[in-house]
Structure formats: C-alpha cells, structure tokens
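In: Structural data only, the sequence is not supplied:
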RNA sequence: CGGGGCGUAGCGCAGUCCGGUUAGCGCGCGUCGUUCGGGACGACGAGGUCGGAGGUUCAAAUCCUCUCGCCCCGACCA
C-alpha cells in the first residue's frame, strides 16, 4: 500500500482502473503473462458475488457439482461450432508424468463437453429431467490481450448446465437464468444492465440462442456481465444424450448453459469507482462499515476505544459487516482516505466529542466530503441507522449508474447517426434488419458491435438504420471490453 | 500476432543521448519522540546482482548483440 493518489478517471480510464486494483489491494499480477492473483480483499468481493448467486441458483432448483479440469481433446471436437469457436484459445497438456500423452488434454475453457458426456450416462428417462446443475470452477482461455478481472488466462466463474425434455423448457430456463443474473446485478451489484439476445455472429459457439446482460462502464464501454445460452440439441446430439419419454420413445434432450465470472468484479470497479477509489455496493462489500476512532491523549484513547468496542458489537449484532481501524500509526485523515480507496460504503467516526455526547459521525462513501457526513447521530439506534444508510447507498449507487447509462444511450435512425454516437463514446440504439455482413461492416468501420437485441423493445417496426429495410426490432451498438 | 512504450529499492521515478567517486530522489518500511476531527512532523536507520546472458573497454545502469518480461493501442474473446 503506497498511499499515493491514483490516476484520475477522466485522464486515463485504463490507468485509473489498474491503479484502483493495486491501491485497493484487489489483485496483483501473476508471474505468467495474463494471470492474476486475486488478493484477499478482491476475493472477499467474489465470495459475496458467489454467495448471492448461489442462493438464487438453489432457490431456482439447481444443485452444485464439480467436474474435472482436464478434458480429452476429442470431446471438444464432437461439436463442430464449439471446437471452431474455442480452438484458438485452448491450453493443451501434451506431457504427463514425463511421458508424451497419446491424446492431448484440454484445460477446460468451459465444461459443456465433459458435463454433457456425464449427462449422457445419467439421463435415461423423462423422470431424470430436468437436470439442473451448476459448478463453481476455474477455466482457462489463452487470450491475446489480458486485463485484470476483465480478461485473464485463467478466471473463476460458475457455469450452469441443464437438460430438459422440451425446447420450451430449455428456452424458459435460459431466459429464467439471465433474469436471475439481472436481478443479482441490479439488486446486489447495483449494476444496471440491458438484457437481451445476442446477434447470430455473437452467439456462443454451439448455442442456438445466447442471452446477455450488458452493462455500461464508467468510460461508456459495454461489458457483457453474464450470459445464458439455449444450446438446443447440439450437444445432446454430439454426446448422445437421450431419454425415453412417456411414450417409450427415445428423445434428445434440450439444454442450456449459463455463466458469470470474476469479470463481474471488474464491472463493479468500473461502474461505481471514482477518483478516490472503489465504491462498493453494500450487498457485495466485504466490509460494510468501518469505525475510525479519533483521540488526542491517552485518557481519550481509552474512552474512545471502549466506545468503539461497544459500537462494533452493536453493529455486528445487527448483522452489519463491520471493522474497527484502531491502528495507532495512522491519523484519522489517512484512514478516511484508505477506506475510501477500499470502497467501504459507510464510515463511522468516533472521537472524544462524540463519546461525551454519546453520539457518532456517519459518512457515506457515495457522497463526497462533507455532503455525505452526518454528525451527532445518537449511539442509541445507530445500528438501525447504519442499516438504513447501507440501503440508501445501495440504491443511490444503482440510480447514479442508471442515470449515467440512460444519458449515454442514444436512439439513432441512420448509419451516420450511429457513427456519431459511437464516435462520441455512447451506445447507439436503432432499428436493425441487417445481415451478418452488414454487422461486420459496422464493426470494422466503427469498432462497435451489436451488444444485444434488448428484450425491451419499442412498439411496431421501423426502417433499418443501415439498409432501410423493414426492421422488427432495435439493436444496441457499442464498443465493448 | 501487428503498432507503441517501459524494465534502476515494496511503489512511483531521475540518471542512459555524451561510459568515470561509495547509483540518487519522493512515497512507503523500522526505531524513538512529539502528533491525531480529512492523506502529521523531526531525528536516526534498513533496503539495490540497475530484467537476464554475452560482448566492447583500464572502467558499463549508460555503448553493441541476443534474450526474457510487463504495460498501452489494435485484431480475438466472459
């Protein structure tokens, strides 16, 4: 912890992002290019992401399991589009125990193949369906260009894999899970998202439909924050996953897969962070309230520390994740800055004046300086007040991010308007009936891609912004991470 | 993989063009003292194979060759 000021966000977003990761002690670079060490504070955020997602998965009937890291290379080749999509970024193990392996092993880039291989052995009857499984795991994708949390050679995620009797059930599941992600992102992460379907070009390798939630970062670039796929019967046919239906006839299952990764930590940083550091949504914050004591002499110190201890217990008993920073070597001012860098949503200050009046000072991270500070808050009922404040911060962060997002999504009617909006860094929304080639052309000329066709669509139809043809839906274009 | 930049103390950098005492500075770190309501101050101190290898030279952080790594911008992607 060097304690230095970080690069201002407006000067160099990328530099700012990296500074935050270092200064808030979220992660460090690993010795191998493109790898990162997730440090305890960063990992704690991930643990809260896990906890909140896992609860939702269980509530929707899913169970956790674990599948192997190594996958026979031949498994990936069974699904044509899947292998084509992933082969450029595979890590292969060719030597084991000092001997050349007969068949190389793939370090999983995702687990559809190995999980579906197992599904084929487990699914016999319609009574075995639906099969709803999730796994928490690491995966490896040999990316060219890496960035902490957003794209690393190895990352942590969860991947859900399900099998159903009908297309309709699988489709419902794929959409249910993107809705679970949206609920999590917006309510726990305070990250507003636009949910929709990917274009054919952007659809997952091996899927028939890919759903996504797209979030706008502080530099207005888009980030795919979670995806859900309707895999149709592609893998079922590749792995012979069949069941006997009620009429004693063999049927292929219909499947989904869905994932959300440590990338979401990057989203939280880039959506909420400011020039003072991280701003964590209370529901994901490892520490929700930090107590900073203030004293001048030994007598005051004893009194203040006694009050701090009492306060800490009050808050902890009320279910607030609280920490007291009693380190003697730092001044209060230093600690204010330190915990602001760490993004702790609420700070409780307690000094001699407060002890005398049996009050505390509360400060909220989302509002800068004095505006977010309230003095003279009675200790009596302080836990309730802190809990309310945490809810207020949670809501405020979400509203702020949503206002920013909404202010930067622009409706466009022509290619010219689209170019202008993209050039200015915003998101462009417009009627689209273009072909894959048209989409590629837009990408080549503007570096923007179709992020999704939002579920939320305007009524009626309109002329395609590029071709002028009749379009039945709008697409959102943006430059993305 | 193309383009650009950079490797000197934990972090940020100066020194490199033009070779020459014991390689500096700020922050951080340790001890002691004074401090403490928005990044305190003083004194003393610890910390370096100058990314690596080879070469040129009386002498290399500095010049030459090779090499490794990291960051940024592109193409590819959660």
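Out: Good, I have the coordinates. Treat the numbers as computed from the prediction; the structure is a model and nothing was measured.

In: So which residues on the stretch 301-450 of chain A come close to RNA strand B?
Out: For the stretch 301-450 of chain A, the contact set with RNA strand B under CB under 7 Å from any atom of the strand comprises A:301, A:328-334, A:336-338, A:340-341, A:349-355, A:361, A:363, A:369, A:373, A:375, A:443, A:447. For the C-beta atoms, the positions are set from N, CA and C on the backbone; glycine is no exception.

In: Which of the residues you listed are buried? Put it as a ChimeraX command.
Out: In ChimeraX, this line selects whichever of these come out buried by 16 or more other CB atoms under 10 Å:
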select /A:301,336,337,338,340,341,349,350,351,352,354,355,361,363
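
In: Out of the residues of the stretch 301-450 of chain A next to RNA strand B, which sit inside helices?
Out: A:301, A:332-334, A:336-338, A:340-341, A:352-355, A:443 (DSSP state H).

In: what mean pLDDT does stretch A:282-292 have?
Out: The average of the pLDDT scores along stretch A:282-292 is 98.

In: meant to ask about stretch A:91-107
Out: Averaged across stretch A:91-107, the pLDDT comes to 89.

In: how about it against RNA strand B, any contact?
Out: No. Using CB under 7 Å from any atom of the strand, stretch A:91-107 stays clear of RNA strand B, with a minimum separation of 11.7 Å.

In: any low-confidence regions in chain A?
Out: Scanning chain A for pLDDT under 70 picks out A:1-5.

In: tell me, what residue is most central in it?
Out: Centroid check for chain A by CA atoms, centre = their mean gives residue A:264 as the closest residue, at 2.1 Å.

In: hang on, that residue packs against residue A:189?
Out: Yes. Residue A:264 lies in contact with residue A:189 (CB atoms under 8 Å); the separation is 6.7 Å.

In: Common neighbours of those two, please.
Out: Residues touching both residue A:264 and residue A:189 by CB atoms under 8 Å, 6 or more residues apart in numbering: residue A:49.

In: State the number of residues packed around the nearest residue to residue A:283 once chain neighbours are set aside.
Out: Leaving aside its sequence neighbours, residue A:283 sits nearest to residue A:188 (CB to CB, 6 or more residues apart in numbering; 4.3 Å). Around residue A:188 there are 22 other residues, counting by other CB atoms under 10 Å.

In: next one: phi and psi at residue A:395?
Out: phi -70, psi -40 (degrees, to the nearest 10).

In: What is the neighbour count of it?
Out: Neighbours of residue A:395 (other CB under 10 Å): 15.

In: ok, and the closest non-adjacent residue to it?
Out: With sequence-adjacent residues excluded and distances taken as CB to CB, 6+ apart, residue A:395 is closest to residue A:190, at 7.9 Å.

In: Skipping adjacent residues, who's closest to residue A:40 in space?
Out: Distance criterion CB to CB, 6+ apart; nearest residue to residue A:40, sequence neighbours excluded, is residue A:25 at 7.7 Å.

In: Same question for residue A:100.
Out: Using CB to CB, 6+ apart, the closest residue to residue A:100 is residue A:94 (6.4 Å).

In: Thought residue A:103 was touching that neighbour, still the case?
Out: No. Residue A:94 is beyond contact range of residue A:103, at 9.4 Å (criterion: CB under 8 Å).

In: mind listing what whichever residue of the stretch 1-150 of chain A sits closest to RNA strand B touches?
Out: Going by CB to the nearest atom of the strand, RNA strand B is nearest to residue A:33 of the stretch 1-150 of chain A, at 2.2 Å. Neighbouring residues of residue A:33 by CB under 8 Å, 6+ apart: A:146, A:153.

In: what about it, helix or strand, and which?
Out: Here residue A:33 sits in a region with no helix or strand, counting by DSSP states H and E.

In: Residue A:174 versus that one, what's the distance?
Out: Distance check for residue A:33 against residue A:174: by CB to CB, to the nearest Å, it reads 35 Å.

In: what is residue A:38 paired to in the beta sheet?
Out: Residue A:38 has the following beta-bridge partners by DSSP bridges: residue A:27.

In: who are the neighbours in contact with it?
Out: Residue A:38 neighbours (CB under 8 Å, 6+ apart): A:26, A:27, A:46, A:156, A:262.

In: Swap in 7 Å and give it another go.
Out: Going by CB atoms under 7 Å, 6 or more residues apart in numbering, residue A:38 touches A:27, A:46, A:262.

In: If you rank these by neighbours, which is first?
Out: Among these, residue A:262 has more neighbours than the rest - 24 neighbours, counting by other CB under 10 Å.

In: where does that residue sit relative to residue A:475, distance-wise?
Out: In this view, residue A:262 and residue A:475 are 28 Å apart by CB to CB.

In: show me where chain A has helices.
Out: A:13-23, A:40-59, A:73-77, A:80-86, A:112-122, A:167-187, A:234-238, A:263-272, A:298-317, A:332-341, A:352-357, A:382-407, A:415-423, A:436-446.
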